[in-house]
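S.K.: turn this into a model:
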Amino acid sequence: MSTAKKFEVLFVLGGPGAGKGTLCRYITEKYGYVHLSAGDLLREEQTNLDSQYGELINRHIKEGTIVRVEITCSLLDRAMQMSDNPHKRFLIDGFPRNQDNIDGWNKVMSEKCIVKGVLFCDCSKEVCTERCLNRGAAGSGRTDDNEEVLAKRHETYITSTLPIIEHFEKQGAVYKVNSMQAPDKVFEEAKEILTEIGW
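M.R.: The predicted structure follows:
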């Protein structure tokens, strides 16, 4: 695949409830890029009766643990290949979540994609937890929006995902937004970042 045809990817990371999905929605509405949520793709696959991975994904989601990278990469790859978006620019939300994810991505996807960096939604654990519980109470339908699973998800985020953000930070590839603000304020910060990276 020639460089001209490679997909451009911006990873969007932050704790559970940090506002990744909301920010991605604002960006896609304004710029027309494609938002791929690793979690949503896994949840969709989990409900697909023909999927060989459904039960395995279900177990990981209920336990707040990370699904095998081969599965997540294959779902992301399929979604990108199927997209007819003219920009070929993708916001990938909630991935990579650990070192294994990065290794797997580099192995499978580095020939197909150019990673522009990480858009990091910086938000306190307290605010994240409150948002997820409110989302669950409002009927999000997500089995992981409860206190027990959230505690595990936060633990996984701190032990596995924060080191990934630090890894990209060392490469000068982390762009931080304060996602404790109102969504439109967060979006204003993100717009400046997109200009900076040439999006």
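
S.K.: quick one, helices of the chain?
M.R.: In the chain, the helices defined using DSSP state H lie at 20-31, 38-47, 54-63, 69-82, 99-109, 125-137, 147-156, 162-170, 183-196.

S.K.: the fifth one: which residues count as buried?
M.R.: What that stands for is helix 99-109. Of the residues in helix 99-109, those with enough neighbours to count as buried (16 or more other C-beta atoms under 10 Å) are N101, I102, G104, W105, V108, M109. Placement of C-beta: from N, CA and C, glycine included.

S.K.: since we're on E189, how many residues are nearby?
M.R.: Neighbours of E189 under the rule other C-beta atoms under 10 Å: 16.

S.K.: isn't it right up against V177?
M.R.: Yes - contact criterion C-beta atoms under 8 Å: E189 and V177 qualify, at 4.3 Å.

S.K.: show me what contacts the nearest residue to T47 once chain neighbours are set aside?
M.R.: Spatial nearest neighbour of T47, excluding adjacent residues (C-beta to C-beta, 6 or more residues apart in numbering): G54 at 7.2 Å. With contact taken as C-beta atoms under 8 Å, 6 or more residues apart in numbering, G54 is in contact with E45, Q46, T47, N48.

S.K.: again, but for K30
M.R.: Here K30 is in contact with F187, K191 (C-beta under 8 Å, 6+ apart).

S.K.: same check on E29?
M.R.: Going by C-beta under 8 Å, 6+ apart, E29 touches no other residue.

S.K.: report the longest strand in this protein, please.
M.R.: The residue-count maximum for a strand in the chain (DSSP state E) belongs to strand 113-122.

S.K.: direction included, what does that strand pair up with?
M.R.: Strand pairing for strand 113-122, determined by DSSP bridges: strand 7-13 (parallel), strand 174-178 (parallel).

S.K.: next, the angle from the longest one to helix 99-109.
M.R.: Inter-element angle recorded for strand 7-13 and helix 99-109: 170 degrees (by axes from the mean of the first three to the mean of the last three C-alpha atoms, to 10 degrees).

S.K.: run through who's touching strand 7-13.
M.R.: 20, 23-24, 80, 87-97, 112-121, 161, 164-165, 168, 197, 199.

S.K.: now do it against helix 38-47, angle only.
M.R.: Strand 7-13 and helix 38-47 are oriented at 100 degrees to each other (the same axes, to 10 degrees).
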